[in-house]
Every structure is written in C-alpha cells, then in structure tokens.
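Student: can you look at this prediction? I've put the sequence above it.
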Amino acid sequence: MTVRRTRDVLADGRELFYFDDTEPFVSGAATRVVPDTRPLGPAGVAGERRRDPLTGDWVVLAAHRMDRTFLPPADECPLCPSGRGSVPSEVPSAEYDVVVFENRFPSLSTRVPDDVPALVDGEALWPSAAADGRCEVVCFTSDHDGTFGNLTPTRARTVIDAWADRTADLSALTGVAQVFCFENRGAEIGVTLAHPHGQIYAYPFVAPRTERLLQLAAGHRAGGGGDLVGDVLAAERRAGARVVLAGEHWTAYVPAAARWPVEVHLTPHRHVPDLAALDDAERDELAVVYLELVRRLDRFHGDPSAPVRLPYVAGWHQAPVGQGRDLVRLQLQVTSVLRAPGKLKYLAGSESGMGAFINDTTPERIAARLREVAA
Ligand SMILES: [Zn+2]
C-alpha cells in the first residue's frame, strides 16, 4: 500500500495536502498541484477561548463562523474538485483521491491576533486566550454523492493514512495539546456541507472528556489495574454480549453503559496512543472493519435492501500530545441521535442540564441489532 502526499498552498496561504493512491499521481509521474486563482481575502484568524470557572473547561468562541458556507447548491460545493461546478472550489485540482486542507472558517487557528486579553473584564476567575490551534477538513472522496461507507477498502485505507499523517503533523505544532479526527454525518446533527467529509481539530487544551478519562485511568492504574481502555476492551471480550464484530487487531462493541440510542466503540487490541502509532497490519484491518461497521449502521433502522441513512458522529479519541500516552488508548466512538426513523434523541433537561444521560434502550439490544444486520 503506497500513498503519496503532495503539499499545496491555497490563494490565502492555507495549506492543502493531496493523498493519492492512484496512478499517475501515486508514483509522482503527474502532480495534482495547480494554482488557486480565486481572489480570496485573508485566511481566518483565531477567535477567543475562555475558561469556565465552574467546570474548568475551555469554551471556544467562534462568532466569526456565522458567515460560513451553509448548505450550498451542489454545483457550488466547495469540497468538489474545481471545474466540476459553476465556481472554483477549495480544491484547485480537477480530481482527487483524498484531500485535506485548513478550514476557511476555523474555530481554532494558528493565525493568532495579539489583542486577546488574558482575563475577561480583568477578573482572575475568567482566564482568556486566543483560540489557537488548527482546524482541517478531510474530503473522503471527490464523489459528491458518495459516503464513507461506499469507499473501497483501498480508499478507506488512504483516509486512515491521511488521519495518521495529520495527527503526527498537528501534534508537532507548538501549543497543540490534543488532536481529534471526526466525522459529523447528516443534517440532523448540523452538517452544513453534503459532500462526504470529516474534520480534524488540533486543540490548545486537553478536551474535557479526555481530561476526565486521564483522571479515571490514573486512578485505575494506581489501584492495580492496567490501561483502563484496554481493561474495558478485555472485559467486553470476556462478556461477549455486546461485541459487534472482532478481527485480529480490532474489536467493536457497544459499551456496557452506552448513552446513545446507537453507540459503538472500536478499539485496537494493542495499546497505541493515537492513529499515527498504528502499524500497517492494524491500518489494513481497520479499513475493512470500519467499512463493515458504518455499513451496518445504515441497516440499523432499515435492512440490507432498504437502508436508512443514519446520522452519526464518529470521533477518534486519541491520547493528549505530551501526557498520559501510556494511560489513554486510541479508540473510535460512534454515536447517533436517531432512535427510530424520523425520531431524534434530544439532549434535554437531564442530559443538557446535569450531564446525566437517560437511554431508552439497552446496550445489549443495540449490540444484538448490529450483529443481526451483518452482511
Ligand atoms: Zn461536493
């Protein structure tokens, strides 16, 4: 498996990377690089982040993103290759396999203004800083009507290499504390562009979920346990009731305390902190296992002949950059708000107000359904 990465720079200075697995690009006999001739204004600068004294969590204020592209007509898709629609897109090349570029409307940016105060209103309770970091967009395919689940295993493997490459690069940026690769899918959860794509956030802080996991994992180890995610994986494999599918290197299971009407975790058998640390055999199997998993998700509320497109969030939980790398294992968590066709699970009083989830189904039932709809 060979993938060629080619760097390009867009008209406003943002970086773009082509990841090619087809000829004549993969051998370098031809290049995707063509000039971006759009008259773009300056690239988006970082907004502000503030720390909530009642939770300790950083909140990113991205008010400038209100101007971002919202559900454009298909012939103005900014993620299709240029030349396909009526206007030049974010991708200058006339075709691509997988492409990654800096988000034009970023929540986090390396372009940092120098006028962000260190405190909100001068109060010590309210630390403030620039929302530094970086946001990237990953286009899984140049096919506007495609889905991740319709990729070939080769192309899915290229996406995995792109995620791993970006995780390594972004982790090396000054100030980046954690890298999060994810896919939001479906208008139900706020996706503003129909083209199949994911995103990568390079945060300047450890995200709240990971911060909590670090504390729990440290306590688990201090109490004589192993790595917490690995011990949970072993327990799920022993129990078996919630295991959805298992390979040589990966197991997918519905967690024993699932919070969502559809939820599944995919965990590597070996302790690795992030995608960049996966070896070739693990990446090869991941491409196959992940495709099978997302295809089953579309059969969750339908059947193989009449799949129901499931809105989901698929997020790669990775260890922070500089700490806890032996405590936090890489893990994919896929969750959906669709509890039945046309019926959404809303984060209402208990979930939004208290963070206490009420699930209307059982993890065992979710797992049984995901096994039932195997190909
Ligand atoms: Zn498109």
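Tutor: Received, thanks. Values in this document were obtained by computation on a predicted structure and should not be read as measured data. Residues are numbered from 1 along each chain as shown.

Student: mind listing the helices for the stretch 251-375 of the chain?
Tutor: Ranges of helices within the stretch 251-375 of the chain are 280-297, 363-372, based on DSSP state H, counting those that start in this stretch.

Student: quickly list what His49 is bridged to.
Tutor: One correction, residue 49 is Arg, not His. Partner residues in beta bridges with Arg49: Val60, Ala129, with DSSP bridges as the criterion.

Student: Arg212 should be in a helix, yeah?
Tutor: Yes. Under DSSP: H, G, I helix; E, B strand; the rest coil, Arg212 falls within a helix.

Student: burial of it, as a residue count?
Tutor: Residues contacting Arg212 under the criterion other C-beta atoms under 10 Å number 11. In this view, the C-beta of every residue, glycine as well, is placed from N, C-alpha and C.

Student: contacts only, for it.
Tutor: Contacts for Arg212 were tallied using C-beta atoms under 8 Å, 6 or more residues apart in numbering; there are none.

Student: so how far is the ion from it?
Tutor: The spacing between Arg212 and the ion, counted by C-beta to the ion, to the nearest Å, is 37 Å.

Student: going forward, count from 30.
Tutor: Renumbered: residue one is now 30, and that last one reads Arg241.

Student: how far away is that residue from Asp260?
Tutor: In this structure, Arg241 and Asp260 are 17 Å apart, going by C-beta to C-beta, to the nearest Å.

Student: what of Val127?
Tutor: 34 Å.

Student: who has more neighbours out of those two?
Tutor: Neighbour totals were compared for Val127 and Asp260, and Val127 leads with 26 against 15 (other C-beta under 10 Å).

Student: what about stretch 125-141, average pLDDT?
Tutor: Looking at stretch 125-141 alone, the average pLDDT works out to 95.

Student: export that stretch as CSV, just CAs?
Tutor: Once non-C-alpha atoms are left out, stretch 125-141 reads as follows in CSV (Å, rounded to 0.1, in the frame of the first residue of the first chain):
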residue,chain,number,x,y,z
TYR,A,125,-8.5,13.9,-6.3
ASP,A,126,-8.4,10.7,-4.2
VAL,A,127,-8.4,12.1,-0.7
VAL,A,128,-7.6,15.7,0.2
VAL,A,129,-7.0,17.6,3.5
PHE,A,130,-6.9,21.4,3.9
GLU,A,131,-7.1,24.1,6.5
ASN,A,132,-10.7,25.1,7.2
ARG,A,133,-11.5,28.5,5.7
PHE,A,134,-13.8,29.3,8.7
PRO,A,135,-11.8,27.8,11.5
SER,A,136,-12.9,27.6,15.2
LEU,A,137,-9.1,27.3,16.0
SER,A,138,-6.3,28.9,14.1
THR,A,139,-2.5,29.3,14.1
ARG,A,140,-3.1,32.8,12.8
VAL,A,141,-3.4,34.5,16.2
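
Student: how about it: buried residues?
Tutor: Along stretch 125-141, these residues count as buried under the neighbour rule (16 or more other C-beta atoms under 10 Å): 125-141.

Student: for stretch 363-372, same thing?
Tutor: Buried residues in stretch 363-372 (16+ other C-beta under 10 Å): Val363, Thr364, Ser365, Val366, Leu367, Arg368.

Student: end-to-end on that stretch?
Tutor: 18 Å (C-alpha to C-alpha, to the nearest Å).

Student: again, but for stretch 280-292
Tutor: The straight-line separation of the ends of stretch 280-292 (C-alpha to C-alpha) is 14 Å.

Student: in the chain, which residue is most central in space?
Tutor: Nearest to the mean C-alpha position of the chain, counting by C-alpha atoms, centre = their mean, stands Phe211 at 0.8 Å.

Student: check which element follows the strand or helix carrying it along the chain.
Tutor: Secondary-structure assignment from DSSP states H and E places Phe211 in strand 207-214. As assigned by DSSP H and E, the chain's next helix or strand after strand 207-214 is strand 226-232.

Student: that following strand and the ion, any residue contact?
Tutor: No. Strand 226-232 stays out of contact with the ion when judged by C-beta under 5 Å from the ion, the minimum separation being 8.6 Å.

Student: how near is Leu242 to Val258?
Tutor: Relative to Val258, Leu242 is positioned 8 Å away (C-beta to C-beta).

Student: identify the contacts common to these two.
Tutor: Contact criterion C-beta under 8 Å, 6+ apart; residues shared by Leu242 and Val258: Val357.

Student: number of residues surrounding the residue in the stretch 230-379 of the chain that the ion sits nearest to?
Tutor: Distances between the stretch 230-379 of the chain and the ion by C-beta to the ion are smallest at Arg338, namely 16.7 Å. The tally of other residues near Arg338 (other C-beta under 10 Å) stands at 15.

Student: related to what we said a few turns ago, point out the most buried one among the helices of the stretch 280-404 of the chain.
Tutor: helix 309-326 (a mean of 19; mean count of other C-beta atoms under 10 Å).

Student: mean confidence (pLDDT) on that helix, please.
Tutor: Summarised as a single mean, pLDDT over helix 309-326 is 97.

Student: the inter-axis angle of that helix versus strand 207-214?
Tutor: Helix 309-326 and strand 207-214 meet at an angle of 30 degrees, taking axes from the mean of the first three to the mean of the last three C-alpha atoms, to 10 degrees as the criterion.

Student: give the contact list for the residue at the greatest distance from the centre of the chain.
Tutor: Within the chain, Gly151 marks the point farthest from the mean C-alpha position, 35.6 Å out by C-alpha atoms, centre = their mean. With contacts defined as C-beta under 8 Å, 6+ apart, Gly151 is in contact with no residue.
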